[in-house]
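Peer 1: the following comprises the amino acid sequence and a computationally predicted model.
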Amino acid sequence: VATPVVAPVAGAVKSVGEAVGAGVQKLAAEHPLVDSTLAAFRSRGNLSQELFEVRSRMTGEVDAELGQVARTLVQLEGGIDAALKNSENVLADGSPLAKESALNSFYSYLTKEDAFVQAAKEQGLSPLKMLPKEMQSAARKARVQVDRLSKQIKDSAYLGREDLVGSEKQAAQIIEENIGSYLRRRYKIFEDKSYIKSGQFTQARTDTIEYFKRSVNSAKNIAKEIGTNLEEGTDILTEGGRQVLTKEAAERLTDDFVSQYSGRQLKTKGLSTSQTVAKNRLRTGLFQTRQANNQQLRALLGEVKDPQESLVSTVADMAEFVATDRFYRFIGDELVDDASGMFVSQEAWKRLPKTAQAEYTQLGEGFGSIKDGVYARNNIYKDLTMQTKGNTNDVAQVMRAAYSGFLRGKGITQYGATVLSPVTQVRNFTSS
């Protein structure tokens, strides 16, 4: 009986609310100071509703990719369990099947390790067929997802710009070369200060010295990349018609190679002062030249083979790059030099009077394809950036430890059910 009365009242309240809202919007449009005050109470701040919605979709895009990889890993875990129940199952190389060996083979498949690929070739098999059949479907899905994201990054607005030079051109080439084998890797040398004093490192150093002594071409390539001088006739000798590297030169090259990484890990202190950075920073260092491009050098750095965590970390990083690039592409394609005045090109900014120029701030590193060439109105710039405080390396290490602990503690099956985004964790942590 009460419904006929309630409905008109609710409709009237809604109409009044819409009228008040429209009035406030009109007032804000006519009076910038009023709009600035209202921005403090809006989730979108000073951003237009359209731009806010585009940015809001980023987390959903990343979480969708993480949901997919989580389902793949749940399937992989089920495949491994099924394979282990089959007592006749062995790996393609004839070794007994255990969970650790199955995961190591999965890791070798994803990264296309030389020894794994060579073993497949010798047996006349594709690398995928080297895995137990119960794991093959999940392994294929994992590889396809990473390759798809790699191609999206290669075609991104940031790397798709004309006349790429330096590190940006190199990044595009590296992506092209590593499609089909890219996977984020972890090394003890970055995470454990005591690693270079360990027995594992000592043995790996000895093995690497022997490797350089007999693999002169590889030694030359590494020496060129890191700036170590190898002299023909002194460091490189000819014995029995083939070139060899002297033990002293191999030791020097090995230690120089390690110092490129141990120095970075032990000496870099990070940024200890306050800094303004993009809230949604395009991580352009995601793809860098990997001098540890063979198994021996990875062993020297203490590679940690955790395929489940590596896969999730890889997908999270790549999905975040793709989503962030799309956001800045939208700004560049739709909002620069439009009627709103939120963003202006460098050419348009130069034509403004000095007083008007002061109302804009240039977008720099971290803003993807629009960095350096676009200026944002100061209130927009404020909403697109944040202040970081403290040691940036400490923040990264805390999140690395928290994320690793999360995977170990929850177990991959429970992770598949919750699909908690590490990107969201990092963003919330750094912006709090």
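Peer 2: Received the coordinates, thanks.

Peer 1: what number of residues lie near the residue nearest to residue 126 when sequence neighbours are not counted?
Peer 2: Among residues not flanking residue 126 along the chain, residue 120 sits closest, at 6.4 Å (C-beta to C-beta, 6 or more residues apart in numbering). Every residue, glycine included, has its C-beta placed from N, CA and C. Residue 120: 20 surrounding residues under other C-beta atoms under 10 Å.

Peer 1: now do the longest helix that the chain contains: distance to the chain's middle.
Peer 2: Assignment by DSSP state H gives helix 49-85 as the longest helix of the chain. Relative to its chain's centre, helix 49-85 lies at 15 Å (C-alpha atoms, centre = their mean, to the nearest Å).

Peer 1: what mean pLDDT does it get?
Peer 2: Taken as a whole, helix 49-85 has an average pLDDT of 92.

Peer 1: list the buried residues of it.
Peer 2: Across helix 49-85, burial judged by 16 or more other C-beta atoms under 10 Å covers 51, 54-55, 58-59, 62-63, 65-66, 68-70, 72-77, 79-80, 83.

Peer 1: stretch 130-150 too?
Peer 2: 130-132, 134-136, 138-139, 141-143, 145-146, 149-150.

Peer 1: what do you get for stretch 204-215?
Peer 2: In stretch 204-215, counting by 16+ other C-beta under 10 Å, buried: 204, 205, 208, 209, 211, 212, 213, 215.

Peer 1: and the residue nearest to residue 126, helix, strand or coil?
Peer 2: helix (DSSP: H, G, I helix; E, B strand; the rest coil).

Peer 1: these two touch, right, it and residue 131?
Peer 2: No - at 10.1 Å, residue 120 does not count as touching residue 131 under the criterion of C-beta atoms under 8 Å.

Peer 1: remind me which residues of the stretch 301-432 of the chain are low pLDDT?
Peer 2: Applying pLDDT under 70 to the stretch 301-432 of the chain picks out residues 389-432.

Peer 1: hmm, try it at 50
Peer 2: 390-432 (pLDDT under 50).

Peer 1: mind listing the strands for it?
Peer 2: Taking DSSP state E, counting those that start in this stretch, the strands of the stretch 301-432 of the chain run over residues 303-304, 343-345, 360-362, 374-377, 385-388.

Peer 1: among those, which comes closest to residue 253?
Peer 2: Comparison of those against residue 253 by C-beta to C-beta identifies strand 303-304 as nearest, at 19.3 Å.

Peer 1: and that closest one, what other elements does it pack with?
Peer 2: strand 186-187, helix 188-191 (3 or more C-beta pairs under 8 Å, 6 or more residues apart in numbering; DSSP states H and E).

Peer 1: off-centre distance for the last one?
Peer 2: The chain centroid and the centroid of helix 188-191 are separated by 18 Å under C-alpha atoms, centre = their mean.

Peer 1: now do the shortest one
Peer 2: For strand 186-187, the gap between its own C-alpha mean and the chain's C-alpha mean amounts to 14 Å (C-alpha atoms, centre = their mean).

Peer 1: report all helices and strands that it contacts.
Peer 2: Strand 186-187 packs on strand 303-304, going by 3+ C-beta pairs under 8 Å, 6+ apart.

Peer 1: what pairs with the strand it packs on, parallel or antiparallel?
Peer 2: strand 186-187 (antiparallel) (DSSP bridges).

Peer 1: got the contact list for the strand it pairs with?
Peer 2: 261, 292, 298, 301, 302, 303, 304, 306, 309, 310 (C-beta atoms under 8 Å, 6 or more residues apart in numbering).

Peer 1: now rank those by neighbours and give me the top one.
Peer 2: Neighbour-wise, the contacts of strand 186-187 (other C-beta under 10 Å) top out at residue 301, 24 neighbours.
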